[in-house]
Each structure stands twice: as structure tokens, then as C-alpha cells.
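S.K.: Please work out how this folds:
(chains A, B, C, D, E, F and G, ligands or ions: 2)
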Amino acid sequence: MPLFGVEATFWALLGPFVAAALSPILAKTLKHNASWLLAIIPALAFLQFLSFVPGLAEGQTYKASLEWVPTFNVNFSIYLDGLSVVFALLISGIGTFITLYAGGYLKGHENLGQFLSYLFLFMGAMLGVVVADNVITLFVYWELTSITSFLLIGFDHLRRASRRSAVQALVVTGGGGLALMAGLILAGYQGGSFEMSELLNSGDVLRESPYYTAIFILVVLGAFTKSAQFPFHFWLPNAMEAPTPVSAYLHSATMVKAGVYLLMRMHPVLGGTELWMTVLPIFGGITLLVGTILGIRQTDLKLVLAYTTVASLGLLVMLTGTSDQIAIQGAVLYLFAHSLFKGSLFMVVGTVDHEAGTRDLHRVGGLFSAMPITGTAAVLSALSMAGLPPLIGFVAKEVLYDGTWYTTNGGLWTAFAVLGNAMMFALAATVAIKPFFGAKLKTPKVAHEGTVLLIAGSITLAVLGLVAGAFVASVGHQLLSPMTSAILGQPFDKELHLFPTYLSPALYLSVATIGLGIIIFMYMDRLRVIVADVLRTIGWGPDKGFDQVLEAIIRFATTLTQMVQTGSMVTYMRATFTVIALMLFVPMILTGNWPKLEGLGSLHVYEWFIAAIAVIGVYAVLTARYRVTAIVLLGIQGFAVALIYLLFGAPDLSFTQFMVETLSVVILALVMTRLNLKPTDARSSRGKAFDISIAVLCGAGISMLLMSIVQLPFDPTLSEFFTQYSRTIAHGRNIVNVILVDFRGFDTIGEISVVMVTGLAVLALIRVRPKSNGNSNTEKNR
Amino acid sequence: MSGFEAFAADFLYACVSIALFILGLTFLLIVYRIIKGPTLPDRIVGLDLLVVVAIGLIATVGVGSTYTLYIDISLALGLVGFLATVAFARFILNRGQAKDFIIMQEIKDSERLEEQE
Amino acid sequence: MNTLIFRTVAPYLSALMLLFSVFVLLRGHNEPGGGFIGGLIAVSAFAIYGIACGVSAVRRAMKFHPMSIAASGLFLAVLSVLPSIFFGQPAMTSQWLALPFLGTVIDLSTPLFFDIGVYLVVVGAISSIALSLEERAD
Amino acid sequence: METLFAVLVGVLFAGSIYLLLSRKLVRILLGIAILGNAVNLLIFTAGRLTRDVPPIIPVHSYLPVEATANPLPQALVLTAIVISFSFLAFFLVLGYRAYQELGTDDLLEMRVAEPKEHNEPPLGY
Amino acid sequence: MAATKTTVDITAAMVTEAVPLADWLLVAPVLLTMAGGAISIIFRKKPQTQPWIAISIISLVILSNIGLLTHVLNNGVVTMVMGSWLPPFGIAFTADPLGALLALTASIATLCVAVFAMNSIAESERRYGFYPFLMMLLCGVTGSFLTGDIFNLYVWFEVLLISSFGMQILGNEKVQIDGAVKYAVLNLIATTLFLASTGLLYGLVGTLNMADIAGKLKAFDGSGPVLGLAALYFLAFAMKAAAFPVNFWLPASYHTPRLVVAAIFAGLLTKVGVYALLRVMVLLMPEGRDWLATLIGLVAIATMLTGSLGALAQTDIRRLMAYLVIAGIGAMLAGIAVGNEVAVSGAIFYSMHSVLIMTALYLLVAFMFQMSGTFSLREIGGLYVRTPLGAVIGLILLLAVAGLPPFSGFWAKLLLVAGALEADRGWVAAGILVSGLLTTIAVGRLWIFAFWRGGNEHTVDGIQALPIAGSAEASEISWSIWLPLILLTTLIVLIGILPESMMSVADYGAKTLIDPTAYIGSVFGGSR
Amino acid sequence: MMSAVISILTGIMLIIGAIFAAGAALGINRLPDVYTRMHAASKAGTLGSGLMVLALGLYSQQWDDFMRAVATVCFFLLTAPVSAHLIARAAYVVGYKPCKETTIDELSVTKKTAEPDAPQ
Amino acid sequence: MNNRVFLMNLLLAAAWGAVTGSFTPLNLIFGFVLSSIALFLIREQIAFRDYFQRGGKVVILAGSFFKELVLSSWRVLMIVIRPKIKLHPGIIAVPLSVTEDFEITLLANMVTLTPGTLSVDVSEDRKVLFVHCLNVPDPEETIDGIKNGFERQILEAFR
Ligand code: NA
Ligand code: NA
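M.R.: Ligands and ions are numbered 1, 2, ... in the order given. As a prediction, this is how the structure comes out:
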């Protein structure tokens, strides 16, 4: 049974966030030694997860749930099976060492507290991703890893390159995350639950769903971007801008594997289809090769490691994509091995950089004597990476060859794997052997062994690789088989041996790999030149492409925005009224609801006169040569409208209209008294024609809509009510006034609010003196 | 109702109708002047008269509909009509003194017209 | 406008118009009129007075700042919404009080106060506009 | 009967929109003035028209003696008139201030808020 | 006046049973702000007391709105008829979860702005009405959210519009006047369209009470002029909400007023348009909404893209924020376009979120300006070093507006996407997600430029000096600026981490919108 | 009987009033310049509408209505000449010339070049 | 309070009673209060003189004025319906004997409302009234008409 019970896992999940909050405070008081204290938190979490291992080995899984957003079925639920626990162990375990390492690496840095804070946030998010059962919760954590890695990568924010890489990571992984969100929601709807554990039990529902392809594409997009699969691989090496602890953490254990985790997690419900078994291996394989080839070109040790990470991720995706039991077991093994050796190697490189002042391949050499422990860690890890016995990396490689060899298209996948691994072998040798052996080169700083904080992690992880290799059977049974089972969605426990028990194809392939690797290593320098030349000839890559795309988007956005938002009021008005005209006519055209022209016969002569005057009045305003004249002419239509009110039984209206019309003219005259207008209204005749047609269309549209409404019977209930109770209850004979002050008094109170505010606004318009008449952009004190 | 009373009612109805008709025509005439101008003062005289005639129309409608409450509207309209005229007069005065382009143009036009005649 | 004829006539006209505006306000509940129209007539009165005798004369005549008048009108209107709270009735339910006074019965009611509020708002706000526009000429 | 006034409403709308589409602020102000009338008349017409009889109850009766004009649209239009009048007043003063501050009433020349030269956004990081 | 005729049956005309005092919470916000506006105009010569009047009044409004929301959540939709006149005759104020929630959020945003303005609005501008305008704006906004009468809604629209005009021009600078012309004219057209539509609607159904309209329009079953009316309403409110292609006024004007003013505009104004769309398109005219669904969806996507692309194209951070407002509007429209319960609750949640976040973002801009003295993305920089707390607040706000977890915007977006996917409108979901990505890029750039960048940078060509924020010290930033920023940020984080309460309100709100039975029942007391 | 007589009287007053109004309208169209047009407007117009208002006051047969009608007419008589004066003066001061038939202009002799009342 | 103002106040109150159609004491008191408020508002501009002593003369003045008004309108009507309008308009200067503002104003207004004449302006020194005439074959005759007509009657009525 788990150490403190399943529910205690929630505390383990909360821990890093608490640590994040504590970090700045502790770092202020304890400086770098805060690491020791803070490392306890991930260590405790590690122990908590470790305590699940025995149960898992017996085939158990664990679930716990807290209510979070019940309205939308979002729960704070966790699901612990082989897959999630192994990941959680890696995250918390390596996290512990990284915490220590960060203390050493950033010793004396003023922002150590912030850094640790970000790191713990990241750790908490990452743990959340792997243990979350609810897909929405998973996604929340997923995006949180993107955000925190943005902060971590950009930690050295005064450097442009850091900022660029941070943005790249945010955009690529955050963008992929958005696709993932849609994919997860779709999967949830199709599978009938947002709980991953329930989805996993839904069998073939998703595979048979009409949305399978959509779900697949969306989920894979999320996974590929996060796990830096070609063509999204570029952000990962760039993320090396981050301080080394970050690189080590991000790229060994955790974040980049989130994508792999997701694919493995969803394998039982999405895997095994043709689509899956085609897309994943192809992209994985390409990524593997691209990663290694680009790795060869690098001279920066850290970058070499970064590209090999890309390659390893490609390998993992490829293996997961085969949906083959053994291949997946190989993937599990490789993932485990990779976490150990890559974590260790990053710390090694960081330590070298920290102690020697450089991490350029050509400027370091013969450091072993000065840094024996680091050197040992390097050698051990490199052996694991190269796939040499007796390290866990070797076992992983054996099993994965064993897997790929027998699958459909196995030849192709195996070829990918062999080629990739061979280059990986050569790169391992480059990274681990070159700096520590051979002639001693003069480095910017005189190298010494790093402090305990710096070396503890690398050597521990490296030794763990050795230990795991030695006890691979037990590690396999206890830890990795439950994980494999979880990925496969069915129990699986194949015994593992450090050394092959028979002459399998895998063994031959291993030998071939090593041989090829040695050759590549020997020609490494020449290859580097060739690759560099080729890349220079191509002259373009997704990394450059990212900038170009971003730039293109911004330029496109600028052009588009300038086209839409022209800054010309005339255009705005034309567009607006065009839309209005469309909205008036399109429904009428589509519904065929045209009004009839009727009822004109019952009008009195003087009513025609008044209507004619209104029309003439409008026409006169339109055609007035001078604006001043137009103002005088404006009164005519207003008067006509007032007379219409009068003739149709609305004395109050008429009264008000007369008053208002007059006062408008008075205010207009008061205002116009101070304008000295130039006389012309220059509209081109084409513009005029356009304006006229829009105006006529709008007018006709409203007219017809009104006609079609007034030709329907009218429901006078409201007015009858008002008429009936105006005097009897409300004590007023003027029904209109009673409506205004009683029946619908709340309209009036709003109306007088408008009047009052108008008064104040006009006062403000006239009285407030502008502080500056220049551009307010430069004005302070806003 | 006696015959005389019936006649009186009919007569009144006819008078109201005729008056409304005449007033309608009157409006058209006034509107013609307002639009034609040619000068701002001309238009303002026209507007002033429009208000005055509208008052008459209101009274006539009041008689026609037997609603005497229209008197108040007439009174109010008289008040604000006066205000409008005052405002316009002031407007002409101020703009003219500011040598408003359009007013100067109108004065020039009217002088030219005079010479042509 | 500084003409003798206008300056002589305007004050009387204004006084008459003010009277008339109150008349229109008070009978609005039964005949055409009410606070808004009454207010506009009062504004017209002040406008004529202002054009004839100058803005400062109007300001002195009004005593309070027009916007304060408007604001107190709105406040009065809001107050007239409230009394029904004491009778367990919804907001704005009208309350009527018949006061016998000198042989006549005066009807005091919340709608009346409401309408007076409207009147004050219109008088205050619109004359504030007109006056500030006039002043700007300086 | 309503049909004629529906047409008239259309004419008022068309006229005001033509003015609103103008380059000159003063013409836009005139357009706004007419627009208010247009929409008020629209509401009035939509409530159906009745000749002559105002919705006022005679002194000696508790209910109107004959069918009166529909009072509700009148109340609505009254509210709308007041509001549109307030707005017109504000617009007039705004137009005046615009002319004063910007020295023009030509909309094409009013480019202070959105200047003609667009400031390209920075690229890079 | 003559005594009441004895034959009149009052119960046929009026509510006669006593109403609970709690129902007064419906009108309290409107009356309080109105009285507050009036009082502070009377005190306009005392600019020192004005903020305190406003702050106390708005605090009271917040309390009242909290009470109202609780009342609604406990007792369902609440209605009070003004003047006791039975609906649909009198004007009904009806609070459903949507209205109550938005009213509360709006008042909180207003309080933040009121506090922020204490140190950022000049005395002469206070004297000429900042606080009265602010209160009357809130009055119009809450009136809009709570009224149950469509014409009354128009009136409150105008109250808030004229108040916004007053605020827009406060300062009277050239650029403000120019912005105000565009803002005012285009908004006037929108409200006029609204009024015209309401007149036509009245001509069609003969009633103005929204519950009554909802019932009566059902009889038309989407026939005849109903669809045309729905289209008109949609357009009117879309203009108000600044949806593409009638959004010109917003980018043309939002960068011109005082920043606190822009903050409250961005927080409240467009949301009122969205609210009206929800109310009218979903509650009143579901047939119209169905008929227009595809169009609304296209408009939504276009709006989102206009907004997020526009944000990418800006140099002036005020304008950048303006485009973010538009992008948000698109998202809410998407919820309306989809129209199922999840999506509508997403739109409601988003509106609530948008009120807080947009207010906060403009306050952030003001804060950034105080620190750096510039609005230009080209010039700004170095703020992270100056104020890490400010940087964190900035990051949280910007991520929240991009819809990233764990902040309030995420849940809104989640609901919208989920709703779209549930309704089989993947293209709407795609639009939301793409716009989200573009927004993320835009805000990411803004943040790295303003906060991270700055100082001497080692480039290939040597050392290049990049902008560093101006002269103001972080310690000089007064509490009146920190307080509202921190308050809003806290709210945004809290809602992000503990969204359930808001989520359930939004869901309840969506339910009452989509199935109007409760709304109608509340107004007519279950008699229909 | 009484009311019948009043009806007939009312009708006649309305017609006469309308004719005067029409005459004023005709006048402003036919007369040559603004000053002469003003004669028509201020006299015939005022009389015409005054008659019609009085007709309404008479027709109502209510004391208060009639008093208000009289008040209205008085008000017209008070304002109409002032309006005419203001317009005529403004037009003259600004420089609108009377028509060419105008035989004498004694105001032009005394008119000062600078208008005494600058806008307030 | 000045006696004359009080008188004016009473008159306005009476007008209020007439216009509202109710001569109850309450309404009259109310009218009085209202008119005093109205007069208070224009207090700066009113300087009453004892104009109302000779009521009879005032009535005569009014009578002749109404007669002239009708005549004048009639004459305008006759002029404008003539097929061909032949006019000799002109602006003439009328020397004034009346000196008070009120009297000048009254005279000018009456002149405007009566046949063929329209007051355009009063000279700065208030000594000359400029009158626009529709027909001025003989200016002196017109001037005499005014001076012996209205001006004399005004002097009689108010002095
Ligand atoms: Na007049
Ligand atoms: Na005369």
C-alpha cells in the first residue's frame, strides 16, 4: 500500500507549488543553501510515488478525485498506473537533484529565488500532467508547463536570444496545446467521459468514432509540438538559452516527454490504427535522423545534447507509433534510460561550463584529471547513451531492435533506428570522451571539480543507469512492465536480461550500430563540415522559418488592419451603412417577405401636403449649396413631422417636437455662429452615386420592413390597459403623460439622466482646457 | 338638432377643410421661399412665417377635432418661434460681422442680380 | 443683441414664458404638457433673456449653477421613486396625498414631484448648454 | 394610411443617411438631426395611426369617449425625442469643438487619432 | 383629483401583495448610482470629496449586487414591476443569473477604476464630471443588465452612451475630440438602429416587456418580418459590441481618452452589446438566432481574427489592447453563434471575465505608462527589473486575456470550444483556437518587449542599448494604482483556480436564457 | 343656437385667417426683397394666425380657453414686430441691400461702419 | 417691494387665474407667488414707471392699433394679389418725441404692425426711428402719420 495513502498524492502535487511560493523568501535568507531545504519537497513526493510501485507491480492502479468544477465535469482527479508513476518518479526524482544543482549553478545569482520558484512551478505542472486523470485538468497542467518553461527559458531575459527562444517555446508548445484542448474535448465527448481512466476503458469507441481522424490529428499536434517532433523540433535546441539546470530538467526528464507521455497514455484508445502506425513512426523516424544529423554539426556541447534529445524523442515516438508490444517495451526502457543519462549529461556539461568557462567542443579537453567525478558521470552516461553494456541504455536498444524488427514496415523503422543510434553513439563519444580525455586544452577558467551541489545529481543519475542495467530484471518487473502494460492497455510482463540470452537479430543490429557509430565518430570532424556545408547550402530551416512565419503574420496583420481600419471616417460610414443595407434586404430576399403598397387612397389632401413638405424639406437640406443654408432648411422637415404628430392625435408629441426642433436650431445657430466654413462639399460623382444608392437602399429597406409590419394586425392590449387605468387608478387624464410619469416612469428617469449628463458633457467639452495641444502620446500624468 | 345647428356643423366642417387646404398650400408657398432664398434673411423670414402659419394650422386642427387644448400648443409655439427668429437674427448679425464667406457671397450675388435687372 | 427694442421687451417676455412653463408643467398630468415641455419653455425664456441681456444676467437670475439645478431635479426624481418602500410596494408606486388648504384640495403625489424633477433637469441641463455656448464667445 | 408614412420614414432615413455619408461634419450633424426624426416617426407609425383624437380623457369621464390615438408609441417617441435632442445638442457642441481644435470640418482631414502614417509594429524579439 | 372609481378592480391592474424588501435590490444599483451622480454634480466644486462619494456609492452598489446575485441564486429569476403595474404593462426589472452576474462584475470593475482615477484624473477633469460620468455610466450599464423591458433597455443604453461620451472627451485634447467624433457618430448609428428595431418590434407584437415578447414571438415561429428584425437587432448590437465589420469605432477611439476611461470602456461598453445580443438573440428571438447562426459564426470568427491580427499589427499598446477587446468580442459572439447551453454559458463566463480583464489591462497600460513614459512598443522596455511584481501582474493579465490556464479566460474559452465541438461546429472552435494562438503571440511579444527587454544587450555587432523604463520609481506608484490592479489580478487568478462558483452561475444563466420558462414565469408570476 | 352661431363665426374666422396667412405666403414669394417680404410676413401672417387662434378660443366656449387664446394673440402682437425688427436690422447691418426700386435710404447715411454691438 | 412691481405682480397673478381658468383664492395666491418668482428672476431689467394711469387712453390706443393692423394686413393682401407689383420702397428716418425705452419700443412695434411701415432700427441716441416703407412717394406724409397717430396717442396714454 502507498506510504501515506492515495490521497496523500494531492499533497505531493501541491508540494512544488508551495515550494514555488517559498523559494523567493528562502533564497533571500539562505542564498544557495535554500536548495537543500527545498529539495526535500520533491524528494518527499518521490517517496510518495515510489510507495505505489509494489502495488503497481501486482497490476493495481490507483485513483482519487477531488471536486473542482463539477458543473463542467472537471475534477481534480488523479490516476496512478505504471505509466504515470514512472513519469512522476522521474519528475520528482530528477527534480530533487535539479533543485540541488540549481543552487550550485546559480550560486550568488540575485534572481535565484525567482528561478527556483519558476522551476518548482514547472515541476508541479509537470507532475500534474502525468498524474491527472481528468483530461481538462491534464490540459490545464499541460499549458502551465508551456508557460513556466517560457519563463525558465527566458530567465536570462536581457539577452535577445533568450527572449526569442522563450517566445518560440511558448508559441509552438502553447499553440500545439490549443489543438490538444480541442482534441481532448472531442475525445471526451466521443468517449462519454472526461476522465482518462474511463476513456481508456471505452475500448474501440474512439477508434470507431467519425471524429477519430480529427481527434488523432489534434492530439498528435499537441504531442508533436511538445515533444519537438519534426518539423516543430527547432524550439528545443533553442531552449538551451536557459540556464543549464533548466535544460537538464526540461530536456531530460520531463517537459519534452510530455508529448511522448500523451501518446503513450492515449495509445490504448487511439493507437493501433493504420493512421497511427503510419504517421507516428514516419515523423518519429525523421525526427530521429534530423536530430542526430543536426547534432553532428554542433560544437557547443549543450547543443549537441539538445539535438540528441530531439533524436531520442523521435525514436520514442517512432516506437510508440509501431503499436508493437516489444517495441513499446523498448520505448519504455529507452525513455527510462534516456532520462537518467541525459539528465546526467546536461548536468555534466553545465558543470564543465561552470568550472571551465566554456562548453565549446574544440576548447575543452583532458579535464578528467581536474574533474574526476564529473568525468566518471560523463563516461557512464555516455555509455548508456551509446547503448553499451552493462548500462540500461544497452538493454533498451536491444529490446527496441527486437521490437521494430518484427513489425510491419519493420525494416524501415529498424533502419531508422540503427542509423539514428549509430550517430547517437558517435555523439555520445564526442560529448563524453572529448572534454575529459586527450590533450589538455587551455580553458577560460582553470577547471576544478564542481561543488557537491553541482556533482551530486550527475553522478547519481549516471550510477543509477549502471544500477538499473545491473538489476534490469527487477527494475523491469517492478517498474517498467506496469508502465508497458499501461501503454498497451493490457497486462504485459516480459522478463528482461542485461545480456542477451540468445543470438537475436537485435544483437546483430547492436553490433552493426556500434560499428557504424565508431566509423561516424572517426569521421566526425569531416562529417561536421559536410553537414554544415549542406545546411548552409539549403540555407533555410524551420528555425529560420519560425521567424519568417512570425514576421509574415505580423506584416500580414499590419496590411490587413490598415486595409480595414483605414482611419477615414468616410470609409467607416460607408461600410457601416452598406452592412445595414445588406441586413435589411437579405432577410427580405431570402424569406420573400415583401410588403404591399396599399392604403394610400384614404388620405386627406392636407396630409399629402404635409408629407410633401417633409420630403421637400429633406431634399432641400440635401441639395443646399451651403451648410449654413442647410441649417435653416433643416427646420422644414422637423416642422412637417411635428404637424404629422398633430394631425394624428399626438398633441404632446407635436408640442415637444416643435420645441425641440426650435431649440435644436437655436443651438445649431449658436454653434454655427462661431464656425467659418469653407463652402464646398466635394464628393466625387462616383462617390455620390455610391452614397445615394446606399442611402436609398437603407431607406427603402426600412420603409418596406415597416410597411410589412404595419400591414399585420396590431395588438393594442398595452394601450387599452393604459387607457383604462389612466384616470381610474393613476389619476391623470393625459394618458401619454401618465405613461411617462407613472406607467413607464422608469423610461423617463433614464431619459432625464441622459439630459443631465448631456448638460455636464457639454460643459466638459466647452470648459475643460486641453493641457497640451500636441500629441497626447507624449503627455504625462494621464 | 335643429336645421340651423346642422347647417352650422356642416358649415364649420367645410370651413375647417377649406382652411386646412389653404394652409397646406400656404405651407408649400412658404417652403418654396425658404428653399429658394436667395438670401439667408429671406429664408429666416420664411421660417418665421412658417411657424406663424403652423400656429394657425394647430388652431384649425383644434377646431376640427374639438380639442381646445391645442391652444396651449399654439402659445408655446409662438414662444419658441420667436426664440428661433431671435437666434437666427443674431446668427446673421454675428456671421455677417465676422465676414462670413457665404453671407458675403450672398450679398455680392444680390448686388449682381440688381445690376443685371 | 443690443437693440433697445428687444432689450425692453425681452424681460417681460421671459417672465411670461416662465409663468407659462410652470402652467404647462402643472397641468401636464391632465392636458398636454408636463415637466419636459415646461422645462423647455423655461429654457427658451432664459435663452431670450440671455440673448437680450447677456449671459451673466441669466446666471445671476438663476442664482444656482444650472447643473446643480439639474442634479437636484434628478435627485428629486429619484426620491419620488422611493416612498413606496415604506408600504411594501414595488419601486415607483405612486403615492397620493390630498391636502385640504384654503377651501381647495391640493393633490400632492409622487408623480407630481417626479415631473417637477424632470422640469428641473431640463431647465438646468439645457440652459447650462445654452449658457456655456454663449459664454464661449468671449 | 400608414403606407404613406412608411414611405416618408424611408425618405427621411435615406436623406439622413446620405448626409451621414458626407465628408463634412456639419452635414453629418444635419444627418443626425434628421435621423432622429426618421426613427421617431417610424415608432409613431409602427404603433398605427389614428386621426385627430388625442389620448386625453375628457374632464367628466373616466374613460375616453371614443377611440383615441395609441398613447404608448407617443410616450415612447417622447422619450426618444428627448434623448435624440440631448444627443443632438452634444453632437453640435462636439462638432463645434472638433472644428475649433482640428481646424476643419472635413472628416478626411481629421486624422489625429489615426494618423495617416502607420507606425509599423516592431519585429524581432 | 377625482376619487378612484369604485368599480375598478385594482388586482387586474396592479400588484397588490407586499413585495419583499430584497426585491428592491433590483433597482438599488440604478437608483444609487443615479442619486450618486446627482449628488456629485452638486458637489462638483469640491473635487476632493467627489472620489469618496463615488467610492462609497459604488461600494454600496457592489454590496447590493452581491445581495442580488445571492437572491437570484437562491430564489431563481427575480422580477419587480415598477409602479406596481402588472407586467407587461409596467416596466419590469428582471434579474436572471446573467444580468445579476454582469451587474456585479461591472460594479467591481467600476470601483477599481474609481480608485485608480484618484491619482490619474486631473482636478479640472474631476470638476467637469469624471465621477458623475462614471456613476451614470454604471447606472446605464446596470440598468441595461437588469431591466426586463426592451425599450427601457434602449433608455439605459443611451444613459451609458452619453456618459461614455462625456468621459471620452474629458481632457479636450485634439486626439480625444477626433476619437470622440468617430466613437460618438458610429455608436449613435448603432443605438438608432436599436431604437428603430424596437419600434418595429413593438409594431409587430404590441408589447415591450421582454418576457412577453419572448412568448409572443413564439407564435410567429420565425415567419414574416421576425427574421428581418432579428437581423437588424443583431446588427445593432454587433455594432455596439464592435463586431466585424462594424467595429471601426473601437480602434479609432479607445486609445484617445484618459486611460482609466479607456479601462472602464473596455470593461463595460462592448459587454453591454454582448449582453444585449445574448438577451435578444438567445432569449427573445431563438428562431432568428438559429436562422442567423452561420452568419453569426462567420462574424464571430472574423471578429476574433480582426482582433488578434489587429493586436499583432499595433505599435501603440493602447491600441493593441483595443484590438484585444475586439478579439474577446468575437469569442463571445462565437458562443452566441453556437447557441447551445455550454457555449452560451461560455459566452456568459467570457463576458464576466472580459469585464475584469479588459479593465485590468488598461489599468496595466496606465501603470506601464507611468513607469516608462511611453506607449510605443518600440520604445518601451526594462520594466521587469524595475518592478517584478508589476511584471508578474502583467504576465498574469496577458496570459489571462489569451485564454491560457489557470486564469479566468481559460474556462470561458474551454466552454466555448467545448460548446462548439458539442454542436458539431468545429470551424467555430478552430476559429477560437487560432485566434487564441495569435493573441498569445501578440501578448507574448508585448510582455517580452515591455518587461524582459531592456538594458545593454550583447549582440553580434557589439553592445546595443535597448530601452529602459523611464524615470518613475516603482515606489512612487501610489496605492491607488496598485490596489485596483492587485484586486483585479487576484480576482482573475481566483476565478481561474476556483471557477466552480462562476461556472455554475454561467451555466444557470445559460439555462435560463435558452429555456425562457423561468424568466417568463418570474415576470408573470407563473400565470402563463 | 348660441353654439351654432359660434360655429359659423368660428368657421368664418378660420377661413379669413387662412386667407390672410395665404396672402402672407404669397407676399413673401412675390415681393422683391427681404425688407418688403417682411411686411407681408409680420402683418398678414400675425393677423391670420391670430384670427385662427381666437376662433379656437371662441369655439371652445370656455372662459379659460378663450383667455389663453387672447393671451396667445397678445403674445404674437408683442413678438412679431420685434422679430421683424431684429431680422431687418441684422440684414441691414450685415449689408443686404434693399431692392433697386428702393427710392430713399436714410439709414445708410447715418449707419456707422462699425456695428456698436459686437457679439456678446 | 416697489409698489409698481407689486401692481405688475398682481396683474400677472390675475393673468395666471385667467389662463388657468380658476379664480379660487388658492390658485390666485399660487399665481402671485409664481409671478413674484418670475419677476424676481428678471429683477435687474425692470424699472417700472407709472404707465397705467390713463386706462382710457390706453384702450383708445389699442383700438386704433387693432384697426390699423387689420387695415395693414388687408393692404398687404391687396398688394400681393395684384398681377403686377409696382412698389417704391424706402427707409426713412422718423424723429422721435417719445423718450422712454418702453414708449419707443411700443411705438416701434406698432409702426411695424401697421400699414406699409416696418421699424428697422432706433438710432444710438434714441432720437430717430428708422422705418422701412413699402411705398414712399412722400416721406414727410408717412412721418406725419406716425407722429400724429401712434406717437401722440402713446404720449397721451402714458404721460
Ligand atoms: Na414670431
Ligand atoms: Na407698419
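S.K.: Longest helix in chain F, by number of residues?
M.R.: helix F:63-94 (DSSP state H).
S.K.: so does that one get close to chain D?
M.R.: No. Under the criterion of CB under 8 Å from any CB of the partner chain, helix F:63-94 makes no contact with chain D; the nearest approach is 11.8 Å. The way it works is simple: take the backbone N, C-alpha and C, and place the C-beta from them, glycine included.
S.K.: A:Ala64 falls within a strand, correct?
M.R.: Yes. Under DSSP: H, G, I helix; E, B strand; the rest coil, A:Ala64 sits within a strand.
S.K.: Phi, psi for the closest residue to it other than its chain neighbours please.
M.R.: Distances taken as CB to CB, 6 or more residues apart in numbering or on different chains put A:Val6 closest to A:Ala64, at 4.6 Å, once the chain neighbours are dropped. Main-chain dihedrals, A:Val6, degrees, to the nearest 10: phi -60, psi -40.
S.K.: And the residue of chain G closest to chain F?
M.R.: G:Gly21 (2.2 Å; CB to the nearest CB).
S.K.: distance of the residue of chain C found nearest ligand 1 from chain B?
M.R.: The nearest approach of chain C to ligand 1 comes at C:Leu13, 11.3 Å away (CB to the ion). Relative to chain B, C:Leu13 is positioned 7 Å away (CB to the nearest CB, to the nearest Å).
S.K.: and that residue, what helix or strand is that in?
M.R.: C:Leu13 is part of helix C:4-26 when elements are defined by DSSP states H and E.
S.K.: surely E:Gly148 meets E:Ala92?
M.R.: Yes. With contact defined as CB atoms under 8 Å, E:Gly148 reaches E:Ala92; the gap is 4.0 Å.
S.K.: wait, doesn't the residue nearest to A:Ala64 sit right on A:Tyr62?
M.R.: Yes. Using CB under 8 Å, A:Val6 is in contact with A:Tyr62, at 4.8 Å.
S.K.: Starting from B:Ile107, give me the distance back to A:Thr673.
M.R.: For A:Thr673, the distance to B:Ile107 equals 18 Å [CB to CB, to the nearest Å].
S.K.: those strands in chain G, which residues are they?
M.R.: G:90-95, G:117-122, G:128-133 (DSSP state E).
S.K.: which neighbours does the last one have in its sheet, and in what orientation?
M.R.: Okay, so that is strand G:128-133. strand G:90-95 (antiparallel), strand G:117-122 (antiparallel) (DSSP bridges).
S.K.: Check chain D and tell me which residue is nearest its centre.
M.R.: In chain D, the residue lying closest to the centroid (CA atoms, centre = their mean) is D:Gly36, at 2.0 Å.
S.K.: Please settle this for me: is it part of a helix?
M.R.: Yes. D:Gly36 sits within a helix when classified using three-state DSSP.
S.K.: excluding its backbone neighbours, what's nearest the residue of chain C most remote from its centre?
M.R.: Taking CA atoms, centre = their mean, the residue of chain C most remote from its mean C-alpha position is C:Gly88, at 31.2 Å. Once flanking residues are discounted, C:Gly88 sits nearest to E:Ala18: 3.3 Å by CB to CB, 6+ apart.
S.K.: Am I right that the one you found sits in a strand?
M.R.: No. Remark: E:Ala18 does not belong to a strand; assigned using three-state DSSP, it is coil.
S.K.: quick one on the thing from earlier: closest one to E:Ala109 among the strands paired with strand G:128-133?
M.R.: E:Ala109 sits nearest to strand G:117-122 of all the strands paired with strand G:128-133, at 61.0 Å, using CB to CB.
S.K.: quick one: that closest one to helix C:4-26, angle?
M.R.: Orientation check (axes from the mean of the first three to the mean of the last three CA atoms, to 10 degrees): strand G:117-122 against helix C:4-26 gives 110 degrees.
S.K.: my guess is A:Tyr79 meets A:Val129, correct?
M.R.: No. Between A:Tyr79 and A:Val129 there is no contact under CB under 8 Å: 11.9 Å.
S.K.: Low-confidence regions, the chain specifically.
M.R.: No chain specified, so I'll use chain A. Scanning chain A for pLDDT under 70 picks out A:1-3, A:252-253, A:678-682, A:772-782.
S.K.: um, chain E though
M.R.: Along chain E, the model assigns pLDDT under 70 to residues E:1-6, E:455-463, E:465, E:469-475, E:526-528.
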